[in-house]
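K.L.:
fold the following, please.
(2 chains)
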Number of protein chains: 2
Amino acid sequence: MHFPKQPQNNDPAIQPIGVFDSGIGGLTVVRALRELLPEEDIFYLGDTARLPYGGKDRATIERYSLEIAGLLLAENAKMIVVACNTASALALPRLQQTLRIPVVGVIVPGARAAVQQTRNGKIGILATRATVASAAYDRAIEAFEAGVEVISQACPLLVPLIEEAWLDDPVTREVLERYLNPLLAAGVDTLVLGCTHYPLLEPLIAELAGPSVALIDSAFNCAAAVRQVLEEKGLRNTHADPGTLQVALTDSFNPFLKTVEAVLRLRIDQLERRVVQGVMMLPPLTAV
Amino acid sequence: MHFPKQPQNNDPAIQPIGVFDSGIGGLTVVRALRELLPEEDIFYLGDTARLPYGGKDRATIERYSLEIAGLLLAENAKMIVVACNTASALALPRLQQTLRIPVVGVIVPGARAAVQQTRNGKIGILATRATVASAAYDRAIEAFEAGVEVISQACPLLVPLIEEAWLDDPVTREVLERYLNPLLAAGVDTLVLGCTHYPLLEPLIAELAGPSVALIDSAFNCAAAVRQVLEEKGLRNTHADPGTLQVALTDSFNPFLKTVEAVLRLRIDQLERRVVQGVMMLPPLTAV
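P.N.:
Numbers count the residues shown, from 1 in each chain, chains lettered A, B, ... in the order given. Take a look at the predicted model:
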């Protein structure tokens, strides 16, 4: 059996950066990439048919992440950005072991920025249940500087409230206060927004946390890490044209997309629907 | 190639009722089935790896429902109960066209009960975004009695609040008031709890709606419809032994299961994890 030769197309000037998230929240990372790397093409996959990831287990999140990585490879991605804290916390090691192209997540860049920021050595983490249970931020912060105290708070209601677009609402305020109070009582001076949705609540979180607490936006720090990797590996697109943004979602029902586009002022060049196929075990083929 | 003959096992006394939901909320239907049909075995599939369904589109929900139906058929189910309002609203016609065994959902039984209940002809529906957008309750109610006014309210925050176990909490109260006010202002005298999670909030909803509004629990009405179908088709298990309950979930991270078991006082005989495989298109086989 002959397979036709495929064109290689391994030219970083025509290869996009592949970005994925459980949904649309990861577009906060795309917004940051746009600012730091305006000439790069970006292919974004939001797995809206299976979101959210934040209350699911490692086996599920690893499987979903590998399936999506396959789709991004087929799109000729030169690197993969895991623009989702939960997938970064649970699936990044597996992706990095499996793929030959660079894979960057949001946890390590956020942890590095938090360690550089803190003065009193007390860092608070707001994240999904799955991210908190994984202790990925604790390990990443410990690796940068031993002895820093990490206090984590699972915030399962924030994503639904943000997707409802209740960004400045008494209910959201009350829920946020309940989540923030234990961290503020513990005296954190640095707070990591450990979910790519949370930057959309940044004004309210900043107001409730007060001026003495620094907020760490993992989206911006992730984009800086992506730029560094592209430069180290010689994968920067050096053309001067502005890059394009192609967004593929696995489900078409996305009222939240309007909120995100409005808040992020992001130009989407192409929006389409894709099915991410599950890995299926088949019996071995035998002669008929 | 020879396939060995499979035992048929089409004996209703050993065939379970297959029940599915996007998650664990559908166990409210199982609780009602237990009361009405204590001798029946039940196999329950909660698709916790892909929940929630309430903000997803028809193509996605049809695909998930068909994949799960395949698993329930492999478990030798004698009928399928769609214990999920969103899947009932979006996928029931496709399931009924495709499967030879009876398929019962929660929408039609709930609509029938609401029409029988209302005195002033004004029915309110609390449901997910996808169920409201489908207008499935409107059509079902119209089919039972033309001229009844249906006022629907999408309640995307209720499922996350219930899964957080904030069942009697000031935040939940405030959110519920906001969802209920337009329905109460419109003068509904009957309110359908149009999501299998919502019966867990019934005490709070009853308090806020007041004694003049009747609540329709789709779980109980669905179980009554299941009993009727089993009797009509001669599929009742007439053994006197109490039936078993086997629960399979597609993700293992389910803190909400504790809340449900505690509130419903449901005995689960076997709990396991299953992967529901996606349908994958393969290229045609050709000679090597």
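K.L.:
pLDDT score assigned to the residue of the stretch 101-250 of chain A found nearest chain B?
P.N.:
Residue nearest to chain B within the stretch 101-250 of chain A (CB to the nearest CB): A:Pro160, separated by 4.3 Å. For the C-beta atoms, the positions are set from N, CA and C on the backbone; glycine is no exception. A:Pro160 is assigned 94 on the pLDDT scale.
K.L.:
what residues does the stretch 51-200 of chain A put near chain B?
P.N.:
A:55-57, A:59-60, A:129-130, A:133, A:156-157, A:159-161, A:163-164, A:170-171, A:174-175, A:178 (CB under 8 Å from any CB of the partner chain).
K.L.:
let's see it at 10 Å
P.N.:
Within reach of chain B by CB under 10 Å from any CB of the partner chain, the stretch 51-200 of chain A has these residues: A:51-61, A:63-64, A:67, A:129-130, A:133, A:154-161, A:163-164, A:166, A:169-172, A:174-175, A:178.
K.L.:
ok, now which ones touch the residue nearest the centre of chain A?
P.N.:
In chain A, the residue lying closest to the centroid (CA atoms, centre = their mean) is A:Ala83, at 1.8 Å. For A:Ala83, the contact set (CB atoms under 10 Å, 6 or more residues apart in numbering or on different chains) comprises A:19-22, A:25-30, A:32-33, A:44-46, A:104-106, A:196, A:218-219, A:222-223, A:226.
K.L.:
taking helix B:170-185 as reference, get the angle to the helix or strand hosting A:Asn181.
P.N.:
For A:Asn181, the host element (DSSP states H and E) is helix A:170-185. For helix A:170-185 against helix B:170-185, the angle by axes from the mean of the first three to the mean of the last three CA atoms, to 10 degrees is 180 degrees.
K.L.:
quick one: average pLDDT of helix A:170-185?
P.N.:
Computed over helix A:170-185, the average pLDDT equals 97.
K.L.:
buried set for that helix?
P.N.:
A:Val171, A:Thr172, A:Val175, A:Leu176, A:Arg178, A:Tyr179, A:Leu180, A:Leu183, A:Leu184 (16 or more other CB atoms under 10 Å in any protein chain shown).
K.L.:
next SSE downstream of that helix?
P.N.:
By DSSP H and E, the next helix or strand past helix A:170-185 is strand A:190-194.
K.L.:
what angle separates that following strand from helix A:170-185?
P.N.:
For strand A:190-194 against helix A:170-185, the angle by the same axes, to 10 degrees is 130 degrees.
K.L.:
CA atoms only: put strand A:190-194 into PDB for me.
P.N.:
Extracted in PDB, the C-alpha atoms of strand A:190-194 (Å, rounded to 0.1, in the frame of the first residue of the first chain):
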ATOM      1  CA  THR A 190      -0.700  37.700  45.900                       C
ATOM      2  CA  LEU A 191      -3.600  36.000  44.200                       C
ATOM      3  CA  VAL A 192      -3.400  33.800  41.100                       C
ATOM      4  CA  LEU A 193      -6.500  33.900  38.800                       C
ATOM      5  CA  GLY A 194      -6.100  30.200  38.200                       C
END
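K.L.:
hmm, back to that, isn't the residue of the stretch 101-250 of chain A closest to chain B right next to B:Val171, touching?
P.N.:
No. In this structure A:Pro160 lies outside contact range of B:Val171 using CB atoms under 10 Å: 11.9 Å.
K.L.:
what's the overlap in contacts for the two?
P.N.:
A:Val175, B:Leu157, B:Leu161, B:Glu164.
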